[in-house]
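K.L.:
Here is my input, please return the structure:
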Amino acid sequence: MIAVIRAASRVLRTGARIITVSSGLGSRVGAPGLADYSATKSGIERYTMGVARDLGPRNITANVVEAGLMEGGMQPPDPETLTALVGSLSLQRMGHPDEIAAAIAFLPSPAASYVTGAVFDARGGYNA
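P.N.:
Numbering: from 1, shown residues only. Coordinates of the predicted model:
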């Protein structure tokens, strides 16, 4: 991701948008055994925030969408763990990929022209 952003930043036009996707584990390690994964997600978030600062003078925004527990995709944990994970969410349900897509779609829109260096919480209330 870093190499891609560095390469793209040399050719991006003024007003371009950079959007990265992370995980709720980027800001909270919710279970044992997730330290390495969490560290990589936190790194994505901090790097994107730094890029927002670096490219801001060119009116290029950089933001992160922090996705939560989603239906489909990754291998689900055992039923007991899954029940505990869903129970830790304010919304008490897993998210749908289209809900994350909606958050991502907002960021390149004109309505988000003054949003940069932000970490958008699309985690179903994981930290609430």
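K.L.:
which stretches of this structure form helices?
P.N.:
In the chain, the segments counted as helices under DSSP state H are 2-9, 35-55, 79-87, 97-106.
K.L.:
possible to save those as TSV with distance to residue 19, mean pLDDT and mean neighbour count?
P.N.:
In short, each C-beta sits where N, CA and C put it, glycine included. Below are these laid out as TSV (distance: least, CB to CB, whole Å; pLDDT from 0 to 100; neighbours: other CB atoms under 10 Å):
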stretch	distance to residue 19	mean pLDDT	mean neighbour count
helix 2-9	11	95	12
helix 35-55	9	94	16
helix 79-87	26	84	11
helix 97-106	6	95	14
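K.L.:
would you turn the ones you listed into JSON lines with distance to residue 116?
P.N.:
Shown next, in JSON lines, are the helices of the chain (distance: least, CB to CB, whole Å):
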{"stretch": "helix 2-9", "distance to residue 116": "14"}
{"stretch": "helix 35-55", "distance to residue 116": "4"}
{"stretch": "helix 79-87", "distance to residue 116": "31"}
{"stretch": "helix 97-106", "distance to residue 116": "13"}
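K.L.:
which ones are touching residue 81?
P.N.:
The contact partners of residue 81, by CB atoms under 8 Å, 6 or more residues apart in numbering, come to residue 31.
K.L.:
and the residue lying farthest from the centre of the chain, how far is that from residue 67?
P.N.:
Going by CA atoms, centre = their mean, the residue of the chain most distant from its centre is residue 80, 26.1 Å out. Distance from residue 80 to residue 67, counting by CB to CB, to the nearest Å: 23 Å.
K.L.:
for residue 98, same thing?
P.N.:
From residue 98 to residue 67 the distance is 12 Å (CB to CB).
K.L.:
Next one: residue 75 from residue 89, what distance?
P.N.:
Between residue 75 and residue 89 the computed distance is 19 Å (CB to CB).
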